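**Student:** sequence unknown, structure follows:
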């Protein structure tokens, strides 16, 4: 996470006082809400970069996540055994509720990087429709709904994020071009990783995400071309 925030901060000259990070025990559902409530007011001309790396998936273990059935797995002391209980007890958060909380900030532009399995489900409509106060919303999901967000072959970093950092630290080019290149690299690189890990297909009555990974970029107002 620190590598991505550092690369984005350097590229866009973001001062340290405007970089906020929630890690582990700070990143509970309650901690996330408290953090948002403590932020100073944002204005219509403010631009917010959001980068999340966490577990994510459907609300039912027998099918892929979708825009209407997507759960963000926040940090908790114990791993809940039942998805419905985790949501009801406020340990995990439905993507729609997550989008609404982000949307209350009221910034003019939101660029959200979503590093999580099946994160394409979150980037489909959730953040675009749940942020009515935000004029421009762009989402970059590391994987499509129904796909894993792989780690690098050595298991040290998320694949998408590692390639994103390398590109951000390279020659300057519009973010739209950079992300198109990174997306292709992720797809090409995920093939050998999947072959090495020998991911098994779904068992009857269960669901296993597809290991082959392709990011999803949704930029309806062409924000990225100006960045």
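**Tutor:** In hand now; what should we look at? Bear in mind that the values here come from a model prediction, so they are computed numbers and not experimental data.

**Student:** can we go C-alpha only for contacts and neighbour counts from here?
**Tutor:** Will do.

**Student:** Residue 158 is in contact with residue 149, correct?
**Tutor:** Yes - under the criterion of C-alpha atoms under 8 Å, residue 149 makes contact with residue 158 at 7.2 Å.

**Student:** Now for these two: what residues contact both?
**Tutor:** Residues within reach of residue 149 and of residue 158 at once, by C-alpha atoms under 8 Å, 6 or more residues apart in numbering, are residue 115.

**Student:** For the strand or helix carrying residue 160, give the mean pLDDT please.
**Tutor:** Assignment of secondary structure by DSSP states H and E places residue 160 within helix 159-168. For helix 159-168, the mean per-residue pLDDT is 98.

**Student:** Which elements pack onto it?
**Tutor:** On a contact count with 3 or more C-alpha pairs under 8 Å, 6 or more residues apart in numbering; DSSP states H and E, helix 159-168 meets helix 2-12, helix 175-197.

**Student:** The helix or strand of the chain with the lowest mean pLDDT packs against which elements?
**Tutor:** The least trusted helix or strand in the chain, going by mean pLDDT, DSSP states H and E, turns out to be helix 127-129, with a mean of 74. Counting contacts by 3+ C-alpha pairs under 8 Å, 6+ apart, helix 127-129 packs against helix 95-103, strand 136-141.

**Student:** If you count neighbours, what's buried in the first one?
**Tutor:** If I follow you right, that is helix 95-103. Neighbour-count burial for helix 95-103 flags 95, 96, 98, 99, 100, 101, 102, 103 (criterion: 16 or more other C-alpha atoms under 10 Å).
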